[in-house]
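>>> pasting a predicted model and its sequence here:
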Amino acid sequence: MKGICSICASSLCQICSERLALTFCPVCGRLVCYEDSVQLDNVRRVCRDCYMKGYRTARDLPSEGKYIEGALRLARRVLRLEPR
């Protein structure tokens, strides 16, 4: 519909639906682009919505297990092993 391939379409930011996602939010799990996310430390970013809800430092984030679950969920989605 947007004139892009299905792989790129599955990698679009889930906030703006215009730019390719840079990472996923470790709080809500959405794919987010650079402009719709906020850098918390050298590695992690959160979406602007979760940042506004109070997730403003790396200490505020869910446990590392949740972070790994989110990364696996993202990988499955990109590989189309998990339905949306």
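Structure's in. What do you need?

>>> so, low pLDDT: which residues of this protein?
1-2, 58, 62-67, 70-71, 78, 80-84 (pLDDT under 70).

>>> where exactly do the strands run in it?
Using DSSP state E, the strands found in the chain span residues 23-24, 31-32, 37-39, 45-47.

>>> tell me the gap between the last one and the middle of its chain.
It refers to strand 45-47. 7 Å (CA atoms, centre = their mean, to the nearest Å).

>>> what does stretch 12-26 give?
6 Å.

>>> and what of stretch 8-23?
With CA atoms, centre = their mean, you get 9 Å for stretch 8-23.

>>> for that stretch, buried residues please.
Ser11, Leu12, Cys13, Gln14, Ile15, Ala21, Thr23 (16 or more other CB atoms under 10 Å). Every residue, glycine included, has its C-beta placed from N, CA and C.

>>> show me where the protein has its helices.
Residue ranges of the helices in the chain, as given by DSSP state H, are 6-10, 48-52, 64-78.

>>> among these, which is the most enclosed?
Mean neighbour count (mean count of other CB atoms under 10 Å) peaks for helix 48-52 among the helices of the chain, with a mean of 16.

>>> run through the neighbouring helices and strands of it.
strand 37-39 (3 or more CB pairs under 8 Å, 6 or more residues apart in numbering; DSSP states H and E).

>>> what strands line up against the strand it packs on, and which way round?
strand 45-47 (antiparallel) (DSSP bridges).

>>> contacts for the strand it pairs with next, please.
With contact meaning CB atoms under 8 Å, 6 or more residues apart in numbering, strand 45-47 is reached by 15, 22-23, 25-28, 30, 32, 36-40, 55, 61.

>>> just give the nearest non-adjacent residue to the residue nearest the centre of the chain, would you?
Geometric centre of the chain, nearest residue: Phe24, 1.6 Å, by CA atoms, centre = their mean. Distances taken as CB to CB, 6 or more residues apart in numbering place Leu74 nearest to Phe24, at 4.8 Å, with adjacent residues excluded.

>>> thought Pro26 was touching that neighbour, still the case?
No: Leu74 is beyond contact range of Pro26, at 10.3 Å (criterion: CB atoms under 8 Å).
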